[in-house]
Structures are given as C-alpha cells and as structure tokens.
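> below is the structure, and that's it, no one-letter string:
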C-alpha cells in the first residue's frame, strides 16, 4: 500500500464513482501509453494491479484490461466488480470462456489459469480482498448481481 491508498479508498467509495469509469479507464490507458506501461492509475494509488489479457470469446482477439488485484501467496485474486455497477464486465465472460489468460504483473508477462471461485472458497477469498480494497463491500451493496471472484495461477 502507498501513501495515497487511503485517499483512493475514500474516492472509490463515492456512490457516483461508477459513472466516471469510462473517464478513469481512458486516463489510465493514456498514462500507461505515455509511460510505456510502467505506471497506471492504480500504481499512483498505491494499489496492487495487473493487466489481464484474455482472448475475446466472440472476436478471438486478445483484449487487455487493467485490474486491481490481490496477491495471495503464489496466486492473484481479481473481482468482476465494475464499481458495483449493474453490468458484468466484458472480461469476465471472456475469462470464463477461455479459462486461461496472460497477465502483466510487476514487469513480467505470465501465463495463468483462471478458476472462478464459488461458495466457501469465494467467501474466504472475498475476505482477503476486502483487506486490500474495502470498497468491494460497497460495490457488493450497490449491485444485485454476485460479483465474480477469480483466482489466477501461473501455468
């Protein structure tokens, strides 16, 4: 965690924040392009993150998405929260269909296998994730859908 993490947590808790997601994604992509992929908005916030690249289930083309992640031992946890919005992130459907992906994490490109967690496994992982990003609890309150949680393991 970094010096700006508490501020990021406060900003992430603002109820209208999901409406700014397109602008945040645009800013993040520009920042990553300017820095050659070395810095993201999540880096500035002092939060662990990765770039998930998964093949599109319809297009067959690789699609990359920067995501907050929670390192958990030798694995990473990610959630399809979309700030608690009503729609499922597109990457979730792609990852479910592919079952595997590549991540850019800490300067490395790593092939991973994805497992969607359910029941007790999901509940335990959710508690781990809340320690890194407590706003996941707010996102869960904002939406009627179950926020999917995936464990990514190095292949």
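That came through fine. Note that this is a predicted model, so its numbers are computed, not measured.
> could you use CA atoms for every contact and neighbour count after this?
Fine.
> looks like residue 145 contacts residue 82 (just checking).
No - when contacts are counted by C-alpha atoms under 8 Å, residue 145 is not listed as touching residue 82 (11.1 Å).
> the two: which has the busier surroundings?
It is residue 82, of residue 145 and residue 82, that has more neighbours when counted by other C-alpha atoms under 10 Å, with 18 against 14.
> which residues touch that one?
18, 88-89 (C-alpha atoms under 8 Å, 6 or more residues apart in numbering).
> ok so residue 113 is a strand residue?
Yes - Residue 113 forms part of a strand when assessed by DSSP: H, G, I helix; E, B strand; the rest coil.
> beta-bridge partners for the most centrally placed residue in the chain, please?
By C-alpha atoms, centre = their mean, the chain has its centre lying nearest to residue 67, at 2.9 Å. Taking DSSP bridges, one obtains residue 50 as the residues bridged to residue 67.
> OK, contacts around it?
Counted by C-alpha under 8 Å, 6+ apart, residue 67 has contacts 49-52, 78.
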